[in-house]
Structure formats: C-alpha cells, structure tokens
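Participant: sequence unknown, structure follows:
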C-alpha cells in the first residue's frame, strides 16, 4: 500500500480529526500536469462504515470532513469525467463507493464538512467556492475536456452559467443520488426524470427518524430508565403512570407521525401531530380511568387533551426540516397558526395540572 | 410513486415566460419536476410542488425565474426568530 505522509499540496498530511489517523482511504498517488494527486479507494472499509454510523448518530459529525481539492479514481486520465462533491466525509464516501471500475476525477469543495444539499442552501457549495477550487486545483491542466458534473442537489448554490463564464468549464447536473452516477455516465450524461427527483418513501422516513430524529430522544430513554430504576428501589419520584403519557406523546410526534406521514389526513405537519396526539390523549384518559369525567378528575383528563396533542404537534412540526418537500413559505404559514395554538394549549394544560395538584394536597 | 404535498398556494415562485429561452436548465435542476419544457419555453407543471430551494432561479441565465429561497424547517425558523437573525438556515 503506497501511502504517503504528504497531502496533495505537498504539505504534511493533516490529522483526520477524531479518527486520529491519516487518510487510510487513499490508495496511491498519480502524477498529473498539476502535480501529484491522491487516488482513492472505491470500496469502503470497516473504518469508513464505523465513521458513517457515528456521524449518523451525531458523534463527531461536525468534524467529519476531508481536505478539499482534486482526487482521482481508478486510472483517471485527461479525458476522464470530473465529479464534484462536498468535503463532508459521508458525502464523499457515498460518491466514491459508486465509482468502482470507473476512471474519474473527484473535485472536493470546501463546504465546511456539510453535505451537498445543506451546503448549497447556505452557499458554501456555491459558485464562488467552485470557481476558486477549479482554479486552485489546476483542473484545466489535469483534464483535456471542459465539463464538470455536479450533484443536482448542489444546484441551489451554484449558478452554472456564471461558473462557465468565469472558468470555461461547462456544468452538467448529475443525478440526485450517487447510486445513479454509473447509469448517468453510461447514458452519455443524461439523467432520467426518476434520477432527477427527490424521494421520500417509507424506508427513507423510517431510517431518518430511527437514526437522526430520535437521536435527541436518547435522553428520554435515560430519563425513563432512571425513574424506572428509582421506582424499583421504592423511590416513586416520577411514577411510570405519570410519565408514560408524555413519553408516548413524544414518540408519536417524533417517530410515528414522520413514518405514517402521507397516511395521516390533513397537510400541516403540526395538524398531523395534533390529530394522533389527540387519539393518544383519549387512550391515556381511558387507561388512567379518568373517563367519564367526574368533578374530582376532570382537570387531569382535560389537561391530557390540552398537553399531549400539543407536544406531538410541536415535534411533528419540527419534522418539516427533515422532509424533502416543504417550503419556507409553507412552513411559515403553518407555524403562524400552529405555534400560538400549541403555546395556548400547553399553558392551559399546565394551569389545569397545577390546579389538580393543588387540590390533591 | 407517492407525491407528498404540503400547503397549497404558498410558494413565492414567479416565472416570466417572456424572458425564457427554453434552455431547460430549470427543468434539469428542480428536484420536484415543477418545470417542463414545451413549445420551446419552460412551463410550470404544478406550483404547489415547489419547495423554494432556489435552484431554478439561480441557474436561469435569463433571470426569468424568481423565488424567495429558504429552508422549510420549523426548527430553523424558530431559532432565527429567537436569535433575531434574518434568514433561517440549518445551523
């Protein structure tokens, strides 16, 4: 394995952050008119996969980046295609693993370790950085053609005509998913409508919620376990009976609503959350024997109906950012109604709980 | 394939066909197929599918498209309100 201790600019190799290792995914180097360029592996190692799992769970995600610049795949030649990527290692990995058996160049932009779509939204995967990186890497000396392939999801940050005017490189927008790159190249850089559209199917939503959205909920599990153990020890500070309604409301808003999204009636996310939260509140009232309403228990029964759906609605509304089809205008409109309603409902619910607690003393 | 839809009639997407040259870049970059090319000009298929990412407007060489681009994310909007920032973004 011909590894070197220098990066592509001839500087000592940067330590790869928390991995504490040099770039193990570099195979060898090739000489070009613009200097020595690292050739990257197209198969992911166990370390890459571990890194992916950690980043998915939010461990060290903000420092999971690689050095920007030009990389090579296979026996890249002057006529090989150039693919542009972000320097979030997960983005880079998902591209290179799709390039096995191909000869290509990868131009990695400095997106501060952020994925293509989010970086394009911020403008770091943008016209300026792309123009700079094309010039800085000496790409015009490395390749004989004048076409670069961008991931389609980078388009919000890049004005293709502007890049062409300033660098003489034409931009071809590639497919949304790296998995379609080979078909795209084989079809002479033509993407089918299917390759151009963003998906958001059941599996996508399930993985997203399981890995990303439920991530903050690990604290919930810890809290629940903590009170459960205290309960076992005879310390009933927060009983399971008092806690499970809220745990349920949180899981409904954060997990169930996203997974069942298209099948819950209504369009606003907060509404979908509220609806399932209401069903949950009814179940809780029945389960806690609060129905039919009595003079002694009505406050707690009504407080459940005011509080639990509000919690589910709030968390479901937060999933707008993870969805692939909401607009700023749409979410603003939804929030204009949902946020005041959630606040008022929660306030009244807490007030009723306080009354019930006061009467219980 | 199931097409997800959020609220109707909210997008700020505006398109001026008189400026359009029919180059097709808008149809190429849109992740929700809001544009298609017909009769040598772009045509909007369904405005309500627009997520205001801004890819079409930024890539149109003839400034025929405009949209207030931004993130459709409630957390980002809440944070930007709380911090008093102008444009919500994913930080």
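Facilitator: Happy to help now that I have it. What you see is a predicted model, and the numbers here were worked out from it, not measured in a lab. Numbers count the residues shown, from 1 in each chain, chains lettered A, B, ... in the order given.
Participant: okay, now residue 49: neighbour count?
Facilitator: Since you didn't name a chain, this refers to chain A. Using other Cβ atoms under 10 Å in any protein chain shown, residue A:49 has 11 other residues around it. The C-beta positions use only the backbone N, C-alpha and C, and glycine is treated the same way.
Participant: that was the other one, I meant chain B.
Facilitator: By the measure other Cβ under 10 Å, the count of residues near residue B:49 is 21.
Participant: residue contacts, residue 61?
Facilitator: By default, I'm working from chain A. A:54-55 (Cβ atoms under 8 Å, 6 or more residues apart in numbering or on different chains).
Participant: should've been chain B
Facilitator: Residue B:61 neighbours (Cβ under 8 Å, 6+ apart): A:161, B:21, B:23, B:25.
Participant: narrow these to those that are buried.
Facilitator: For the contacts of residue B:61, a burial check counting by 16 or more other Cβ atoms under 10 Å in any protein chain shown picks out A:161, B:23, B:25.
Participant: now do the SS call for the spatially closest residue to the first one that is not a sequence neighbour.
Facilitator: The shortest distance from residue A:161 to any residue that is not its chain neighbour, by Cβ to Cβ, 6 or more residues apart in numbering or on different chains, is 4.0 Å, and that residue is residue B:61. Under the three-state scheme (DSSP: H, G, I helix; E, B strand; the rest coil), the conformation of residue B:61 reads as coil.
Participant: same check on residue A:36?
Facilitator: strand.
Participant: please name the bridge partners of the residue nearest to it when sequence neighbours are not counted.
Facilitator: Spatial nearest neighbour of residue A:36, chain neighbours left out: residue A:29 (4.7 Å); criterion: Cβ to Cβ, 6+ apart. In this entry, residue A:29 is beta-bridged to residue A:38, by DSSP bridges.
Participant: what is the neighbour count of residue A:29?
Facilitator: Using other Cβ under 10 Å, residue A:29 has 17 other residues around it.
Participant: residue furthest from the geometric center of chain A?
Facilitator: residue A:295 (48.2 Å; Cα atoms, centre = their mean).
Participant: before we move on, back to that, I'd guessed the residue nearest to residue A:36 sits against residue A:40; true?
Facilitator: No. Look at residue A:29 against residue A:40 with Cβ atoms under 8 Å: they stay out of range, at 10.5 Å.
Participant: how about the helices in the stretch 51-200 of chain A?
Facilitator: A:89-96, A:116-122, A:127-137, A:139-142, A:160-167, A:181-186, A:193-196 (DSSP state H, counting those that start in this stretch).
Participant: for chain B, that is, sorry about that
Facilitator: B:25-29, B:55-59, B:74-83 (DSSP state H).
Participant: helices or strands up against the longest one?
Facilitator: Packing contacts for helix B:74-83, counted by 3 or more Cβ pairs under 8 Å, 6 or more residues apart in numbering or on different chains; DSSP states H and E, involve helix A:298-318, helix A:328-360.
Participant: change it to 6 Å
Facilitator: helix A:298-318 (3 or more Cβ pairs under 6 Å, 6 or more residues apart in numbering or on different chains; DSSP states H and E).
Participant: the helix it packs on and chain B, any residue contact?
Facilitator: Yes. Against chain B, helix A:298-318 shows contacts by Cβ under 6 Å from any Cβ of the partner chain at A:317-318.
Participant: quick check: angle from that helix to helix A:328-360?
Facilitator: 160 degrees (axes from the mean of the first three to the mean of the last three Cα atoms, to 10 degrees).
Participant: can you check what angle separates helix A:298-318 from helix B:74-83?
Facilitator: Going by the same axes, to 10 degrees, helix A:298-318 makes 100 degrees with helix B:74-83.
Participant: near chain B, which residues of the stretch 251-361 of chain A?
Facilitator: So far as Cβ under 6 Å from any Cβ goes, the stretch 251-361 of chain A lies against chain B at A:262, A:267, A:317-318, A:320-321, A:325-331, A:333, A:335.
Participant: okay if I get the contacts of residue B:61 as a markdown table plus distance to residue A:134 and pLDDT?
Facilitator: Below are the contacts of residue B:61 laid out as a markdown table (distance: Cβ to Cβ, whole Å; pLDDT from 0 to 100):
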| residue | distance to residue A:134 | pLDDT |
| --- | --- | --- |
| A:161 | 15 | 97 |
| B:21 | 25 | 95 |
| B:23 | 22 | 95 |
| B:25 | 19 | 96 |
